[in-house]
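Chemist: Starting from these lines, generate the structure:
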Amino acid sequence: MAFESLSDKLQNVFKSLRSKGRLTEDDVKTALREVKMALLEADVNFKVVRGFIKDVQARAIGSDVMTGLNPGQMVIKIVNEELVSLMGSETTEIELQPGQGTTVIMMAGLQGAGKTTTTAKLAGKLKLKGKKPLLVACDIYRPAAIEQLKINGQKQDVDVFELGDKEKPPVIAKQAMEYASKNGHNVVIIDTAGRLHIDDEMMDELQNIKDEVTVHQTILVVDAMTGQDAVNVASNFNEKISIDGVIITKLDGDTRGGAAISIKAVTGKPILYAGMGEKLSDLEQFYPDRMASRILGMGDVLTLIEKAENEMDEDRAKEMSQKMKKAQFDYDDYLESMKQMRNMGGLSSIMGLLPGLGLGGKKMPDMDTEEGEKKMARMEAMIYSMTPEERRNPNLLNPSRKHRIAKGAGVDISEVNRMVKQFNESKKMMKKLPGLMGGKGGKKGGLKFPF
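Modeler: You can find the predicted model right below:
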């Protein structure tokens, strides 16, 4: 996952700072040299790193910090605040036209960044906000690009306007506006053609679309996996056609993540969303403070709660919460909790958001995500090997029943015993945490994990 190496290195630096009762100026400078190296290895822009370290050092060597009761913690706090500032301080929303006005968004980017899929993801987000988006297929060069947009639009239940690959993109965009006006669409999202690299022909086409229709927001899609190249691409696009914001994709992948830290500082343009997976729902609002928290290994519980709220049926959440409080949680509910976990992006996604278990955190012994997913599958097999009565009444599981379940699931009896023990421990733990079970206000989105 992005930032994992950076987070591990920063955690080691912070551990050293926390262990010291008092800090000297040399202690701070030594720690910041290690932070600098960690950021450079994460592919953060060199000028950005230099400015960041200078700002942190100026604040960290102040008398209030050095003579405070917990100087190490104060330095970490300063690093967190400066990191948030670097990535934009405040969350930036896409500016939509007021009232009944139609907002036109033009999506741009290089081939391979995931622009067409991201375009459909964005349409889904805006639809959830009560808008009626129209996707416009202006990538007439890449084979199957139009078909891809149509398929994704259908999955999002969003209309797609296309004229095939014979008309020029500015013409398609103009006719799409007429279609949107007649059919009540208040957001038009134009999927433009990408290239393998930036060239004048592509830039001219984007400008021609802007000349033909009024584009309110030009959003660049960049691939986090390309590191500093993503920052360079953003700078070039901004200079040539003026962008309003960035969506960074593949931030869940095996990437150093430096682009997410550098883009705002280099271009002055905010990151609007982050692509965190391949599903059409895997597009997260970019919160600089939450991202900084993830990078520093502090988790991101707010995003975790929001994921739970979005994925779980409210009535079902209330029902499960009440059952947990009354210690009536059964194996059918346990299956439901595993289904919920998968809907929220799987074990790896959830672990990345929990303090101490995610990026840079000390992972629990059996929380390796790949092994964890296999473990979940075996647990499901064991539960499906139970009778309906056994699932509803866990107390029925005597030794002979456990042996039958183990045989049916193709596992050793020790695995059944371990699952039963974990189930009982989860039951006890969740009974003590009614607030977490119920999400915000105890109403919705309870977080019930099978281990």
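Chemist: Name the spans of the protein whose pLDDT lies under the cut-off.
Modeler: The chain contains residues with pLDDT under 70 at 1-2, 21, 63-69, 253-256, 297-328, 341-372, 429-451.
Chemist: Mind listing what's buried along the helix ranked longest in it?
Modeler: The residue-count maximum for a helix in the chain (DSSP state H) belongs to helix 413-432. Across helix 413-432, burial judged by 16 or more other CB atoms under 10 Å covers Glu415, Val416, Arg418, Met419, Val420, Gln422, Phe423, Ser426, Lys427, Met430. In this view, the C-beta of every residue, glycine as well, is placed from N, C-alpha and C.
Chemist: Does anything pack onto that helix? Which helices or strands?
Modeler: Using 3 or more CB pairs under 8 Å, 6 or more residues apart in numbering; DSSP states H and E, the elements in contact with helix 413-432 are helix 314-325, helix 331-343, helix 369-384, helix 399-409.
Chemist: what residues go with each domain of the chain?
Modeler: 4-87, 103-295, 301-442 (automatic domain parsing).
Chemist: The chain: strands as residue ranges?
Modeler: Along the chain, counting by DSSP state E, strands occupy 103-109, 133-138, 159-161, 187-192, 217-223, 245-249, 271-275, 283-285.
Chemist: Identify all contacting residues around the first one.
Modeler: Meaning strand 103-109. Residues from elsewhere that reach strand 103-109, judged by CB atoms under 8 Å, 6 or more residues apart in numbering: 94-97, 115, 118-119, 122, 177, 186-192, 194, 206, 209-210, 213-222, 233, 237, 241, 243.
Chemist: Check the fifth one too.
Modeler: With CB under 8 Å, 6+ apart as the test, strand 217-223 has contacts from 94-95, 103-110, 112-115, 118, 122, 206, 210, 230, 233-234, 237-238, 241-250, 259, 263, 269, 272.
Chemist: Same question for the second one.
Modeler: Defining contact as CB under 8 Å, 6+ apart, one finds that strand 133-138 is touched by 119-120, 123, 126-127, 145-146, 149-150, 153, 158-163, 169, 172-173, 176, 179-180, 183, 185-193, 209.
Chemist: List only buried entries from the contacts of strand 103-109.
Modeler: Buried, going by 16+ other CB under 10 Å: 94, 96, 115, 118-119, 122, 177, 186-192, 194, 206, 209-210, 213, 215-222, 233, 237, 241, 243, out of the contacts of strand 103-109.
Chemist: ok so, going back, of the domains of the chain, which stretch is the most buried?
Modeler: domain 103-295 (a mean of 20; mean count of other CB atoms under 10 Å).
Chemist: quick one: terminal-to-terminal distance for that one?
Modeler: Using CA to CA, to the nearest Å, the end-to-end distance of domain 103-295 comes to 34 Å.
Chemist: now swap in stretch 84-95 and tell me
Modeler: 22 Å.
Chemist: Show me how far that stretch is from its chain's centre.
Modeler: The chain centroid and the centroid of stretch 84-95 are separated by 15 Å, computed with CA atoms, centre = their mean, to the nearest Å.
Chemist: go on, stretch 174-190?
Modeler: The chain centre lies 30 Å from the centre of stretch 174-190; the measure is CA atoms, centre = their mean.
Chemist: Repeat that for stretch 141-160.
Modeler: 23 Å.
Chemist: who touches that stretch?
Modeler: Residues contacting stretch 141-160 (CB under 8 Å, 6+ apart): 111, 116-117, 119-120, 123-124, 127, 133-137, 139-140, 162, 164-165, 183, 185, 191, 193-194, 280.
Chemist: Please spell out which residue in this protein sits farthest from the middle.
Modeler: Most distant residue from the mean C-alpha position of the chain: Ser400, 45.0 Å away (CA atoms, centre = their mean).
Chemist: where along the stretch 1-150 of the chain do the helices fall?
Modeler: 4-18, 25-41, 46-60, 63-66, 71-87, 115-128, 145-155 (DSSP state H, counting those that start in this stretch).
Chemist: Take those and lay them out in a markdown table including distance to Glu380.
Modeler: Converted to a markdown table, these look like this (distance: least, CB to CB, whole Å):
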| stretch | distance to Glu380 |
| --- | --- |
| helix 4-18 | 28 |
| helix 25-41 | 39 |
| helix 46-60 | 45 |
| helix 63-66 | 51 |
| helix 71-87 | 39 |
| helix 115-128 | 29 |
| helix 145-155 | 26 |
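Chemist: so which of these gets nearest Phe329?
Modeler: helix 115-128 (30.6 Å; CB to CB).
Chemist: contacting residues for the closest residue to Lys174 other than its chain neighbours?
Modeler: Excluding its sequence neighbours, the residue lying closest to Lys174 (CB to CB, 6 or more residues apart in numbering) is Glu212, at 5.0 Å. Residues near Glu212 by CB under 8 Å, 6+ apart: Pro170, Val171, Ala173, Lys174.
Chemist: mind redoing it with 6 Å?
Modeler: By CB atoms under 6 Å, 6 or more residues apart in numbering, the contact set of Glu212 is Pro170, Ala173, Lys174.
Chemist: For Thr103, name its beta-bridge partners.
Modeler: Thr103 has these beta-bridge partners by DSSP bridges: Val187.
Chemist: how close does Ser181 get to Ala123?
Modeler: 18 Å (CB to CB, to the nearest Å).
Chemist: measure Arg28 to Gly72 for me?
Modeler: For residue 28 the amino acid is Val, not Arg. Taking CB to CB, one finds Val28 at 10 Å from Gly72.
Chemist: To clarify, my last question referred to Ala193.
Modeler: 52 Å.
Chemist: likewise Ile243?
Modeler: 40 Å.
Chemist: check contacts around the residue nearest the centre of the chain.
Modeler: Centroid-nearest residue in the chain, with CA atoms, centre = their mean: Met276, separated by 4.1 Å. Neighbouring residues of Met276 by CB under 6 Å, 6+ apart: Leu251, Asp252, Asp282, Glu284.
Chemist: Correct me if wrong: the last one contacts Gly275.
Modeler: No. Here Glu284 lies out of contact with Gly275, judged by CB atoms under 6 Å, at a distance of 8.0 Å.
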